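Chemist: What would the 3D arrangement of this be:
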Amino acid sequence: MRPTQVRTHAIRRAHENIDKTLKSAEVILGQFDLTRQVESIVLSCFLVLRMNLLLMLKQLVFNNRNLTMHFNTEAADVVSNSKGQMSGILLNALQH
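Modeler: The predicted model follows:
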């Protein structure tokens, strides 16, 4: 090979390597974009599931006759029976 041919061949190989590198970078960036899309879908599903869970818990609490809801209060003390089990909670009203 002549020196000009060697140089031309080296330049051609360098261009091929650059093209392969750019294609690989595009694939990697595409994976990042796909990951970002999946993450946004997962987060939105998580928020919906969390809201549904909170609604279900709210319904369970409000529909339970053994529980009494007290708003604007804080727990002052826990009352226990002779077996050491919790039998009630003493509440204090919160001042606004």
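Chemist: Going by C-alpha atoms from here, please, whenever you check contacts or count neighbours.
Modeler: Fine.
Chemist: mind checking the backbone torsions on the residue nearest the centre of the chain?
Modeler: Nearest residue to the geometric centre of the chain (C-alpha atoms, centre = their mean): residue 43, 5.1 Å. Backbone dihedrals for residue 43, given as degrees, to the nearest 10, come out at phi -60, psi -40.
Chemist: where's residue 35 relative to residue 48, distance?
Modeler: 20 Å (C-alpha to C-alpha, to the nearest Å).
Chemist: Please read the previous query as pertaining to residue 92.
Modeler: 35 Å.
Chemist: Same check on residue 17?
Modeler: Per C-alpha to C-alpha, residue 17 is found 47 Å from residue 48.
Chemist: Check residue 16 too.
Modeler: Taking C-alpha to C-alpha as the criterion, residue 16 is separated from residue 48 by 48 Å.
Chemist: quick one: low-confidence ranges for this structure?
Modeler: 96 (pLDDT under 70).
Chemist: Would you map the helices across it?
Modeler: Taking DSSP state H, the helices of the chain run over residues 3-62.
Chemist: Kindly tell me how buried residue 61 is, as a neighbour count.
Modeler: For residue 61, the tally of surrounding residues (other C-alpha atoms under 10 Å) stands at 14.
Chemist: Residue 50 too?
Modeler: Residues near residue 50, counting by other C-alpha under 10 Å: 12.
Chemist: and it, how far is that from residue 44?
Modeler: 10 Å.
Chemist: Could you measure from residue 56 over to residue 69?
Modeler: In terms of C-alpha to C-alpha, residue 56 sits 16 Å off from residue 69.
Chemist: Same question for residue 59.
Modeler: Applying C-alpha to C-alpha to residue 59 and residue 69 gives a distance of 12 Å.
Chemist: who's more crowded, these two?
Modeler: residue 59 (11 against 7).
Chemist: Any figure for the gap between the more buried one and residue 51?
Modeler: 12 Å.
Chemist: Equivalent analysis for residue 33, please.
Modeler: In terms of C-alpha to C-alpha, residue 33 sits 27 Å off from residue 51.
Chemist: Check residue 69 too.
Modeler: Here residue 69 is placed at a distance of 20 Å from residue 51 (C-alpha to C-alpha).
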